[in-house]
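Trainee: Sequence first, predicted coordinates after that:
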Amino acid sequence: MEKAVAYIKENQERFVEELFDVLRIPSISAESCHKEDMVKCAQWLVNSLLKAGADRAVVMPTEGNPVVYAEKIVAPEKPTVLIYGHYDVMPVDPVDQWHTAPFEPVIKEGRIWGRGANDDKGQSFMHVKAFEAMVATGELPCNVKFMIEGEEEIGSEHLSKWCADHKEMLAADVILVSDTSLLAWDTPSITCGLRGLCYMEVEVTGPNKDLHSGLYGGAVANPANVLSKLVASLVDDQGHITIPHFYDKVRELTPGERDAFNKAPFSLEKYKDALDIDDVQGEAGYTTMERTGVRPSLDVNGIWGGYTGEGTKTVIPSKASAKISMRLVPDQNFEEIAKLFTAHFEAIAPSSVKVCVKTLHGGEPYVSPTDLPAYRAAAKAIEKTFGKAPLPFYSGGSIPIISTFEKILGLKSILMGFGLDRDAIHSPNESYGLENFYRGIETIVWFYRYFAEK
């Protein structure tokens, strides 16, 4: 792989310039006004993959946003790696908190700034460039397939059916994903577990129209007041989720497992300093690492109702709503949790209001065994480029489609990501280190070398 590594170093600046081109496309899947941008971004990736050396690359329709599929078959008898990534990005609100324009990427302080710089355009594009380097230098040792979707940030609603419809085309030995983070730059890691997700929306309705808060205040239910109380009651003072039977399938770690889990390097003081908080909060009896890695959680992601504009408007709102996400752990099932949440929320609502509960999307938790040949290849590749063996790590995040891949395609996924906490994914001022981008490309190349050997 020495020729491929040299090729990467010789073309670093061009790789970044090309990444900037795709970062400029506002492919926000959550906003329907960007529908044309989704197609534009997919076509851009097809063109890039063809230039990189793919034998075939196409934009394939789904009932939602299209999937980019590409392949290069070196020899049918050789192993096949299926690359998964996503080209859709999160909305940029609140836009006034960005220090740079979200879709006008720039380099500052050795980092690429812009929406999607890390999640997941930057990390997905590393695979395109690693592939290009191996093809250009004649060092591609495996068959390669790409599956890059446009709905990950909204739950991959249509990808399951697309995978089922194209199962034969997607046949591979393993799925390789870069959509996760390292524990730290000097503590490389491989994500071997992801929490699942159950995402809900609730609406509380009171009177049939907004009312004057002086004439009606104290006489009718205020949906915003009621919603606040209902939401607050979902987690008690000990950080315990109050939904009946929520924890029925949560497996408690043994003392030995907890001890091993907490050996990963972590500084609570640095964690608090980075977030500018005086203290942490969460489920009593568990460490911060445990709370974000192996324990479930419930959080309000957005809440609204009534007048929020400039100045004053004294009204009792007719409606109030909230979006609520629950992160799940093995062996919780998001469909079961959605039913439990719905039944509980409806049961605790007072008769003075009406409630409507919707399940928006979700996915199962995922665990990748560390004894897989592909995991060992990833670990060896990271040790080659970082100079130390990676730690297995359970991430608090979710990639809902990963567990679905195992069910539909029968394939395990290796989660070899290169992001860092400071990258601010999903937030204003998302960024990605240039060194992360470059070293990620090189590490991917070495993964192919070691995986082909196995």
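Mentor: The structure has been received and is ready for your questions. Numbering: from 1, shown residues only.

Trainee: Using the three-state scheme, assign residue 362.
Mentor: Under the three-state scheme (DSSP: H, G, I helix; E, B strand; the rest coil), residue 362 adopts strand.

Trainee: Now it: closest residue in space that isn't a chain neighbour?
Mentor: Closest residue to residue 362 apart from its sequence neighbours, by Cβ to Cβ, 6 or more residues apart in numbering: residue 334 at 3.3 Å. C-beta coordinates here come from the backbone N, C-alpha and C atoms, glycine included.

Trainee: What is the neighbour count of that neighbour?
Mentor: 22 (other Cβ atoms under 10 Å).

Trainee: Now it: phi and psi?
Mentor: Torsion angles at residue 334 (phi, psi; degrees, to the nearest 10) stand at phi -70, psi -30.

Trainee: show me what contacts it?
Mentor: Going by Cβ atoms under 8 Å, 6 or more residues apart in numbering, residue 334 touches 196, 197, 198, 328, 362, 363, 364, 400.

Trainee: Distance of the fourth one relative to residue 398?
Mentor: By that I understand residue 328. Distance, residue 328 to residue 398, by Cβ to Cβ, to the nearest Å: 8 Å.

Trainee: Over to the first one?
Mentor: With distances defined as Cβ to Cβ, the gap from residue 196 to residue 398 amounts to 6 Å.

Trainee: Look up how far residue 435 lies from residue 35.
Mentor: Separation of residue 35 from residue 435 (Cβ to Cβ): 35 Å.

Trainee: Redo the contacts of residue 334 as CSV? Include distance to residue 247 and neighbour count.
Mentor: Shown next, in CSV, are those (distance: Cβ to Cβ, whole Å; neighbours: other Cβ atoms under 10 Å):
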residue, distance to residue 247, neighbour count
196, 14, 25
197, 17, 22
198, 14, 29
328, 11, 26
362, 17, 21
363, 19, 23
364, 17, 24
400, 21, 24
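
Trainee: and of the residues you listed, the nearest to residue 122?
Mentor: Each of the contacts of residue 334 was scored against residue 122 by Cβ to Cβ, and residue 400 proved nearest at 20.7 Å.

Trainee: my guess is that closest one meets residue 365, correct?
Mentor: No. Applying Cβ atoms under 8 Å, one finds residue 400 not in contact with residue 365, separated by 9.7 Å.

Trainee: what residues are shared contacts of those two?
Mentor: In contact with both residue 400 and residue 365: residue 196, using Cβ under 8 Å, 6+ apart.

Trainee: ok, the nearest residue to residue 383 once chain neighbours are set aside - contacts?
Mentor: Nearest non-adjacent residue to residue 383, counting by Cβ to Cβ, 6+ apart: residue 389, 4.8 Å away. Residues in contact with residue 389 (Cβ under 8 Å, 6+ apart) are 188, 379, 382, 383.

Trainee: tell me what the lengthiest helix in the chain is packed against?
Mentor: Assignment by DSSP state H gives helix 434-453 as the longest helix of the chain. Packing partners of helix 434-453 (3 or more Cβ pairs under 8 Å, 6 or more residues apart in numbering; DSSP states H and E): helix 2-10, helix 12-23, strand 111-113, helix 121-136, strand 174-177, helix 373-386.

Trainee: Quick one: the helices in this protein, in order.
Mentor: So, for the chain - with DSSP H - the helices run 2-10, 12-23, 35-52, 121-136, 159-165, 213-216, 223-232, 255-261, 268-275, 288-293, 334-348, 373-386, 401-409, 434-453.

Trainee: Which of those has the highest mean neighbour count?
Mentor: Of all the helices of the chain, helix 121-136 carries the top mean neighbour count, a mean of 26, counting by mean count of other Cβ atoms under 10 Å.

Trainee: what's the spacing between residue 32 and residue 65?
Mentor: When residue 32 is compared with residue 65 (using Cβ to Cβ), they lie 11 Å apart.

Trainee: before we move on, what about residue 294?
Mentor: 33 Å.

Trainee: Look at the two and report which has more neighbours.
Mentor: Using other Cβ under 10 Å, the more surrounded residue of residue 294 and residue 65 is residue 65, with 26 against 23.

Trainee: gap between the more buried one and residue 248?
Mentor: Using Cβ to Cβ, residue 65 is found at 36 Å from residue 248.

Trainee: Could you do residue 59 as well?
Mentor: 43 Å.

Trainee: Same check on residue 128?
Mentor: For residue 128, the distance to residue 248 - Cβ to Cβ - is 44 Å.

Trainee: Would you map out the domains in this structure?
Mentor: Following automatic domain parsing, the chain resolves into domains at 2-194+365-453, 197-250+296-362, 251-290.
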